[in-house]
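Asker: Take a look and give me a structure for this.
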Amino acid sequence: MRILQLIDSLDAGGAERMAVNYANALAGVISFSGLVTTRKEGDLKGQLKAQVSYLFLNKKRSFDLKALFVLKSYVVENQVSVVHAHSSSFFLAFLLKLVHPSVRVLWHDHYGESEFLNLRPTFILRLSLPFFEGVISVNQKLKQWVEQKMHFKNTIYLANFATKENGIKRNTVLKGEVGKRIVCLANLRSQKNHLLLLEVAKILRVLHPEWTFHLVGKDFEDAYSAEIKKLIVEYGLKDRVFIYGSKNDVENIVQQAAICVLTSKSEGLPVALLEYGRGKKAVVVTAVGEIPEVVQNGENGFVVPQNAELFCAALVKLIENEPLRDDFGAALYQAILNSYSEEKIIKQYLKWLQQHSK
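Answerer: Numbers count the residues shown, from 1 in each chain. Got it, this is the predicted structure:
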């Protein structure tokens with residue numbers, strides 16, 4: 001089998017990480033594994049294994065004929081049989097199918113606003129999905145949505161998986177006191193609800209002032225980012241909450257945390273949560289998307305509503321009980337190994353592809 005991953009950028013986001021993870025994982029088990037990024041290269045390019053064939057299209061607009069035919073030539077030259085399009089790259093995969101009908105195209109739906117699917121635009125999806133052979137969803141809500149709303153039948157839920165970083169230097173050193181750091185891996189988007197995290201930090205500053213919060217993820221320097229920075233000052237948190245931007249050395253960052261958190265108001269299956277589990281970290285997370293399927297409240301972490309007081313109370317339980325942190329971290333690690341390993345997901349993926357080969 002010869003499979004190509006298609007992604008619009010290689011910035012450090014969840015869909016982008018999964019495109020890289022699939023390309024790397026498949027490189028050792030199929031005859032050809034490639035990755036094409038359409039619009040923008042980024043930090044994740046450095047994590048591609050040497051065995052993965054790579055192409056950057058430098059696409060300039062939604063309908064870019066030059067990029068389309070460069071992609072077609074690459075697919076033909078490398079005898080690609082399956083194009084696995086992640087997130088918004090589905091439209092280019094649709095155009096490729098029109099000019100190269102023999103290629104099989106799949107769409108991997110990483111839509112992060114799965115709690116608000118009623119607001120999702122559907123016109124272009126309705127136009128293009130009939131040309132796709134299958135749809136992969138990162139949580140059950142997305143799978144049900146594409147089946148019921150889009151009337152698409154060949155769909156599968158495949159969990160995200162985290163992998164060991166490939167050739168990344170451990171450069172990032174977190175501020176704050178060792179053993180008293182709380183890490184949040186999330187790009188600065190409103191969906192990730194950092195504003196709730198700041199409310200939590202404001203409460204915790206009174207209860208445990210020595211503990212600090214560390215926000216790692218792409219800063220888009222937009223209005224949402226400006227609001228976060230303004231509230232950090234207004235809440236008196238300049239020496240308690242630190243923003244680092246996008247970083248490659250995620251494993252290194254997670255290892256420096258005592259507790260890891262997600263305050264999202266909507267999610268698919270966050271890769272960050274899998275990274276926390278691989279690092280054996282205790283977590284406090286909100287009950288959105290597929291998160292409650294991974295974290296069993298009170299067994300391998302705390303799952304709480306989007307409420308600052310309740311979130312803070314769960315944090316305090318972990319802060320004041322180091323053995324509980326260790327137990328939760330070990331239990332979450334085992335859950336990730338059992339259900340969200342690279343080997344298990346890739347085996348399910350290839351079996352699904354073979355079963356539905358036309």
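
Asker: list the helices and strands the longest helix along the chain packs on?
Answerer: Longest helix in the chain by number of residues (criterion: DSSP state H): helix 322-339. Counting contacts by 3 or more C-beta pairs under 8 Å, 6 or more residues apart in numbering; DSSP states H and E, helix 322-339 is packed against helix 271-278, strand 282-286, helix 291-294, helix 308-319. All C-beta atoms are positioned from the backbone trio N, CA, C, and that covers glycine.

Asker: May I see the buried residues of it?
Answerer: With burial defined by 16 or more other C-beta atoms under 10 Å, the residues of helix 322-339 counted as buried are 325, 328, 329, 331, 332, 333, 335, 336.

Asker: Once you drop chain neighbours, what's closest to residue 245?
Answerer: The shortest distance from residue 245 to any non-neighbouring residue, by C-beta to C-beta, 6 or more residues apart in numbering, is to residue 219 (4.9 Å).

Asker: re the thing from before, and the helices and strands packed on helix 322-339 as TSV, adding distance to residue 63 and mean neighbour count?
Answerer: Converted to TSV, the helices and strands packed on helix 322-339 look like this (distance: least, C-beta to C-beta, whole Å; neighbours: other C-beta atoms under 10 Å):
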stretch	distance to residue 63	mean neighbour count
helix 271-278	30	26
strand 282-286	38	26
helix 291-294	37	18
helix 308-319	44	19
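
Asker: Reformat the ones you listed as a markdown table; add mean pLDDT and distance to residue 5.
Answerer: Shown next, in a markdown table, are the helices and strands packed on helix 322-339 (pLDDT from 0 to 100; distance: least, C-beta to C-beta, whole Å):
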| stretch | mean pLDDT | distance to residue 5 |
| --- | --- | --- |
| helix 271-278 | 95 | 15 |
| strand 282-286 | 98 | 28 |
| helix 291-294 | 94 | 24 |
| helix 308-319 | 98 | 36 |
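
Asker: The residue nearest to residue 245: neighbour count?
Answerer: 16 (other C-beta atoms under 10 Å).

Asker: Equivalent analysis for residue 74, please.
Answerer: The tally of other residues near residue 74 (other C-beta under 10 Å) stands at 16.

Asker: In contact with residue 180, which residues are there?
Answerer: Contact analysis of residue 180 by C-beta atoms under 8 Å, 6 or more residues apart in numbering lists 208, 210, 211, 212, 258, 319.

Asker: ok so residue 36 is a strand residue?
Answerer: Yes - using DSSP: H, G, I helix; E, B strand; the rest coil, the assignment for residue 36 is a strand.

Asker: nearest residue to it other than its sequence neighbours?
Answerer: Ranked by C-beta to C-beta, 6+ apart and with sequence neighbours excluded, the top spatial neighbour of residue 36 is residue 55, at 4.7 Å.

Asker: Also residue 90?
Answerer: Distances taken as C-beta to C-beta, 6+ apart put residue 107 closest to residue 90, at 4.5 Å, once the chain neighbours are dropped.

Asker: all strands of this protein, in order?
Answerer: For the chain, applying DSSP state E gives strands covering 2-9, 32-40, 53-56, 82-86, 104-109, 134-137, 155-157, 181-185, 212-216, 241-245, 259-262, 282-286, 302-304.

Asker: And the ones you listed: which comes nearest residue 232?
Answerer: strand 241-245 (5.1 Å; C-beta to C-beta).

Asker: same question for the closest one, mean pLDDT?
Answerer: The average pLDDT within strand 241-245 is 97.

Asker: what residue ranges in the stretch 251-358 of the chain score low on pLDDT?
Answerer: Applying pLDDT under 70 to the stretch 251-358 of the chain flags the ranges 358.

Asker: picking that back up, can you lay out the strands of the chain as a markdown table showing distance to residue 76?
Answerer: Converted to a markdown table, those look like this (distance: least, C-beta to C-beta, whole Å):
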| stretch | distance to residue 76 |
| --- | --- |
| strand 2-9 | 11 |
| strand 32-40 | 13 |
| strand 53-56 | 13 |
| strand 82-86 | 12 |
| strand 104-109 | 14 |
| strand 134-137 | 22 |
| strand 155-157 | 28 |
| strand 181-185 | 39 |
| strand 212-216 | 40 |
| strand 241-245 | 39 |
| strand 259-262 | 42 |
| strand 282-286 | 45 |
| strand 302-304 | 48 |
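
Asker: hang on, the earlier thing: give me the number of neighbouring residues for the residue nearest to residue 90.
Answerer: 29.

Asker: try residue 356
Answerer: A count of nearby residues for residue 356, using other C-beta under 10 Å, gives 13.

Asker: which ones are touching it?
Answerer: For residue 356, the contacting residues are 133, 134, 154, by C-beta under 8 Å, 6+ apart.

Asker: Going by neighbour count, which of those comes out on top?
Answerer: When those are compared by neighbour count (other C-beta under 10 Å), residue 134 ends up highest, at 20 neighbours.

Asker: Not counting residues beside it along the chain, what's closest to that residue?
Answerer: With sequence-adjacent residues excluded and distances taken as C-beta to C-beta, 6+ apart, residue 134 is closest to residue 154, at 4.5 Å.

Asker: Could you check the pLDDT of residue 162?
Answerer: For residue 162, the model assigns a pLDDT of 82.

Asker: try residue 167
Answerer: 68.

Asker: Likewise for residue 53?
Answerer: For residue 53, the model assigns a pLDDT of 98.

Asker: what domains does the record give for this structure?
Answerer: Per the record, the chain has its domains at 2-161+341-355, 181-339, by automatic domain parsing.

Asker: Adding distance to residue 172 as columns, could you present those domains in JSON lines?
Answerer: Formatted as JSON lines, those follow (distance: least, C-beta to C-beta, whole Å):
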{"stretch": "domain 2-161+341-355", "distance to residue 172": "12"}
{"stretch": "domain 181-339", "distance to residue 172": "5"}
